[in-house]
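Enquirer: just coords:
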């Protein structure tokens, strides 16, 4: 009887197959990832939309996080004033004036540093474009393709430097002369054409090797290097360079050789052209510049009243006539030509 009253035994068989349920742990990880990415993009947006002065205030906070506790205010950029809403600018009546918005020394330094970085980036981009233009013009010129090894260009903090050097059998100038060879003329005019729209000042340098020019001490490598630099300037201007952009023409003789191991190396005989970047002006330089710009002649000195010593005066044929002395600033006044004067373009 007992066996008949016992409950039936049910056996369930589970069929294994497919993929079981993995739980919800992946959802938590995915949510954390999305949250982190959202925070990252918000941070990028805030940094991109914040002014340079506000960034300076944030930087000051991390340098001195106790400033708010010690000086009070709603933030590290708040003005240290007893009356809220004023600060250095009484026109603000709601909230305090943030120092990041004020014309403070910190704000000016921050804006200046940002401007300097941006100018440096623009200068480098412009210099790279000029370098590529010169290389492309030389590549398409069949006569100058073999002379490409005579041009070296490098970009530094000072600017783009273009050096045109001698080769053993391909000189830029005739020996002991400041007259450029046809190849040198072509190279210099291509460089002048590439620099015709250059807004920055340009410095042109002449260099020689240490071979003595001659036994005559009245004319040395100093004069020769300077005349070669002047010849290079004339050829570049003929190629399209604005001569007003040439700020310096210098001859260095053999004092700055490229190959210090061999002072007579043809590489030392070269023309160096530098496109000068705009240098940042610090506060001391700016004060000196403003002071020099504001200087003027003393009250007791009038322009044009200084007497020239007799031994330094121009010959009589070059002096203005009596009726012309009444209007010395007449723009139509021209000095008479020198007798038997030869043309400058000889």
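Expert: Structure received. What you are looking at is a predicted structure, and each value in this text was computed from that prediction instead of being measured.

Enquirer: what number of residues lie near residue 272?
Expert: Neighbour count of residue 272, defined by other Cβ atoms under 10 Å: 21. Every C-beta, even on glycine, is put in place using the N, C-alpha and C of the backbone.

Enquirer: try residue 269
Expert: Residue 269, neighbours per other Cβ under 10 Å, totals 26.

Enquirer: Phi and psi next, for it.
Expert: phi -90, psi 110 (degrees, to the nearest 10).

Enquirer: Quick check: it touching residue 168?
Expert: No. Taking Cβ atoms under 8 Å as the definition, residue 269 is not a contact partner of residue 168, at 10.8 Å.

Enquirer: Tell me which stretches of the stretch 1-150 of the chain form helices.
Expert: 2-5, 25-49, 52-63, 67-71, 105-139 (DSSP state H, counting those that start in this stretch).

Enquirer: With the stretch 151-300 of the chain instead?
Expert: So, for the stretch 151-300 of the chain - with DSSP H, counting those that start in this stretch - the helices run 182-194, 221-239, 283-294.

Enquirer: Throw those helices into TSV and include distance to residue 28 and mean neighbour count, thanks.
Expert: Listed next are these as TSV, based on distance: least, Cβ to Cβ, whole Å; neighbours: other Cβ atoms under 10 Å:
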stretch	distance to residue 28	mean neighbour count
helix 182-194	61	21
helix 221-239	69	20
helix 283-294	55	10
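
Enquirer: how about the ones you listed, which one is nearest residue 51?
Expert: helix 283-294 (21.0 Å; Cβ to Cβ).

Enquirer: If you average the pLDDT over the closest one, what comes out?
Expert: For helix 283-294, mean pLDDT is 60.

Enquirer: Output the below-cut-off pLDDT ranges for the stretch 101-250 of the chain.
Expert: Residues of the stretch 101-250 of the chain meeting the criterion pLDDT under 70: 101-116, 213-217.

Enquirer: Tell me which residues touch residue 191, please.
Expert: Applying Cβ atoms under 8 Å, 6 or more residues apart in numbering, one finds that residue 191 lies in contact with 134, 162, 164, 236, 239, 241, 273.

Enquirer: go with 6 Å
Expert: If you count contacts by Cβ atoms under 6 Å, 6 or more residues apart in numbering, residue 191 has them with residue 236.

Enquirer: Kindly provide the distance from it to residue 135.
Expert: Distance from residue 191 to residue 135, counting by Cβ to Cβ, to the nearest Å: 11 Å.

Enquirer: do the same with residue 253
Expert: 30 Å.

Enquirer: Okay, residue 232 and residue 245: tell me how far apart.
Expert: Distance, residue 232 to residue 245, by Cβ to Cβ: 14 Å.

Enquirer: give me the number of residues near residue 266?
Expert: Quick note: residue 266 (other Cβ under 10 Å) scores 19 neighbours.

Enquirer: is it true that it touches residue 166?
Expert: Yes. Between residue 266 and residue 166 there is a contact under Cβ atoms under 6 Å: 3.9 Å.

Enquirer: what residues do the two have in common as contacts?
Expert: Contacts common to residue 266 and residue 166, judged by Cβ under 6 Å, 6+ apart, are absent.

Enquirer: wait, isn't residue 196 in contact with residue 238?
Expert: No. In this structure, residue 196 is not within contact of residue 238 by Cβ under 6 Å, at 11.2 Å.
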